[in-house]
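Asks: Have a look; sequence and predicted model below, questions after that.
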Amino acid sequence: MSPGIATVAFTFGIAGLFWLDWDRKARTSAALWLPVIWMLIACSRPVGVWLGMGTPMDSAIQVMDGSPLDRLVYGSLMLIGIGVLFTRRKVGAILRANGPILFFFFYCLLSVLWSDFPAVALKRWTKVLGDLVMVLIVLTDPEPLAAFKRLLARLAFVLIPLSLLFIKYIPQLGMGWNPWTGTAIFTGVTTNKNTLGVVCLCLGLGALWRFMTAYQDQEAIGRTRQMIAHGVILGMVFWLFRLMDSMTSLSCFLMSGVLLLASNLSAVIRRPRIVHLLVASMLAVSAAVVFLDVSPAALQAIGRNPTLTERTVIWGQMLGQVKDPVFGTGFESFWLGPRLDAIWRLNPVLRPNEAHNGYLEIFLNLGWIGITLLGIILAFGYRTAFKAWRSKDSRGRLLLVYFFTGLVFNFTEAAFFKMQAVAWLFFLFAIVDARRIFSQEARTDLAEVRSSSRLAGWDRSKLVVREGAR
């Protein structure tokens, strides 16, 4: 099949997925397109790269400069998003319920003061703040559950099929070559295989959740159509995983998928402690394999050597660059300037630009204070995600899984409070506490329904009296 014909076929296929999943009763706001566009860019390629204006980051100076076009796009989306939030009454209540998260953001902003590159750090902090703005837009939508579903669907129906199209029929867009080994690298709509892996991880879990939800709701309108749409996405995700060499994302998907399925069992729902035990067990096993060298064979079985592709060697080099272990180098400031040049000279082949460990990355940038605050965030976030799972909100299962995914993913990748980190965006949905708002809204709706029912009953009884009088 030629690239042109394949493009037309995939375009009709994507349109068909949207048609299969369409819910005519849902009335989400037009502002939902802001987080959709924001996340489409974050989950694929910068705007400048899409327009052919991107350049490789060959020096520390280029890393600091960034792209003016991307700053313009992100800045515009963020300003419009803030304007939207000013019109929504539920924002204040959500912010008050999430004090630990706001305090962490404040500390990140404060750390700009001791950064060697305060202007760069401030720009990066602003962009991460934009992630929170987009999450709040979804959570404060008039129909937050429908908005969350539509966000996942719009991302999955565009990014996953396009990745398959690029790899299969337009390889100049979806493939690259390893300059040292000469082997093919499958990137899809992203710029590297690891980003494509985490996109498949997060959107694949979303598709699995939607498939399970539709399967269980026997009376839902369009149930079969929804199962077909998200089943197709799951099939594409598995196909992409088969091609990619992103074992971190695949391992996280398998563990998170087990947690998603197990947390839906009636026996587990009746005994919530099983969820605690399952989460703790999988975290302990993952940490033991990665950090304690308990089973090097397990790493080799998934195609990794005991040094995790030399990451553990680089971790030692980075710790030697830390000058202030209490406060760190400032928000997103470690991988800038002379430090980046020094590490690149030590690793001319890998040329890392992150710690490949989210916990270590927080330490490098924010010090022990940052690690302490992160611990508070994780405790707060797990409490939030667990209570969401125990509630009647169908998102609860997925939010718990996204939280778990964020914990494990950061063992070998850096994604906490980090700009352009796909896993961070989905993790943020899990830790932001909005249950009180939704429960209050549900009680209000129930009261209105009961009031309407009583009024309707009064009208009917009045009508009966009148008919009898006649």
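Replies: Received it, and whenever you're ready, just let me know what you need. Residues are numbered from 1 along each chain as shown.

Asks: Can you name the element that comes right after the host helix or strand of Val128?
Replies: Element membership for Val128, per DSSP states H and E: helix 118-139. Using DSSP H and E, the next helix or strand after helix 118-139 towards the C-terminus is helix 144-169.

Asks: Buried residues, that following helix. List them.
Replies: The neighbour-count check on helix 144-169 (16 or more other C-beta atoms under 10 Å) flags 144, 146-169 as buried. Every residue, glycine included, has its C-beta placed from N, CA and C.

Asks: what's it packed up against?
Replies: Where contact means 3 or more C-beta pairs under 8 Å, 6 or more residues apart in numbering; DSSP states H and E, helix 144-169 is packed against helix 3-21, helix 33-42, helix 118-139, helix 171-174, helix 193-216, helix 223-243.

Asks: Tell me where the stretch 351-470 of the chain is predicted with low confidence.
Replies: Scanning the stretch 351-470 of the chain for pLDDT under 70 picks out the ranges 419-420, 436-470.

Asks: wait, I meant the chain
Replies: 53-66, 179-182, 293-312, 419-420, 436-470.

Asks: which residues in it form strands?
Replies: For the chain, applying DSSP state E gives strands covering 175-177, 184-186.

Asks: So which other helices or strands are in contact with the first one?
Replies: Packed against strand 175-177, as judged by 3+ C-beta pairs under 8 Å, 6+ apart, are the following elements: strand 184-186.

Asks: now what about the strand it packs on, what contacts it?
Replies: Residues from elsewhere that reach strand 184-186 (C-beta atoms under 8 Å, 6 or more residues apart in numbering): Ile167, Gly174, Met175, Gly176, Trp177, Asn178, Asn192, Lys193, Leu196, Leu240, Leu243, Met244.

Asks: What about the second one, how many residues nearby?
Replies: Taking other C-beta atoms under 10 Å as the neighbour definition, Gly174 ends up with a count of 21.

Asks: Make sure it is actually in contact with Asn192.
Replies: No: the pair Gly174 / Asn192 is not scored as a contact, 11.9 Å apart, by C-beta atoms under 8 Å.

Asks: check contacts around the residue nearest to Thr329 when sequence neighbours are not counted.
Replies: Of all residues not flanking Thr329 in the chain, Asn365 sits nearest, at 5.8 Å (C-beta to C-beta, 6 or more residues apart in numbering). Neighbour list for Asn365: Ser111, Gly328, Thr329, Gly330, Phe331, Glu332, Ser333, Phe334 [criterion: C-beta under 8 Å, 6+ apart].

Asks: change it to 6 Å
Replies: Gly328, Thr329, Phe331, Phe334 (C-beta atoms under 6 Å, 6 or more residues apart in numbering).

Asks: Redo those as a markdown table? Include neighbour count and distance to Asn357.
Replies: Shown next, in a markdown table, are those (neighbours: other C-beta atoms under 10 Å; distance: C-beta to C-beta, whole Å):
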| residue | neighbour count | distance to Asn357 |
| --- | --- | --- |
| Gly328 | 25 | 15 |
| Thr329 | 25 | 16 |
| Phe331 | 29 | 17 |
| Phe334 | 26 | 12 |
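
Asks: Those residues: which two are farthest apart?
Replies: In the contacts of Asn365, two members sit farther apart than any others by C-beta to C-beta. They are Phe331 and Phe334, at 9.6 Å.

Asks: Tell me how far the residue nearest to Thr329 lies from Arg89.
Replies: Separation of Asn365 from Arg89 (C-beta to C-beta, to the nearest Å): 35 Å.

Asks: what's the answer for Phe417, then?
Replies: Plainly put, Phe417 is 28 Å away from Arg89 if you go by C-beta to C-beta.

Asks: Who has more neighbours out of the two?
Replies: Neighbours were counted for Phe417 and for Arg89 using other C-beta under 10 Å; Phe417 has more, 29 against 8.

Asks: so what's that one up against?
Replies: Phe417 makes contacts with Val128, as judged by C-beta under 6 Å, 6+ apart.

Asks: Distance of it relative to Lys123?
Replies: To Lys123, Phe417 is 15 Å away according to C-beta to C-beta.
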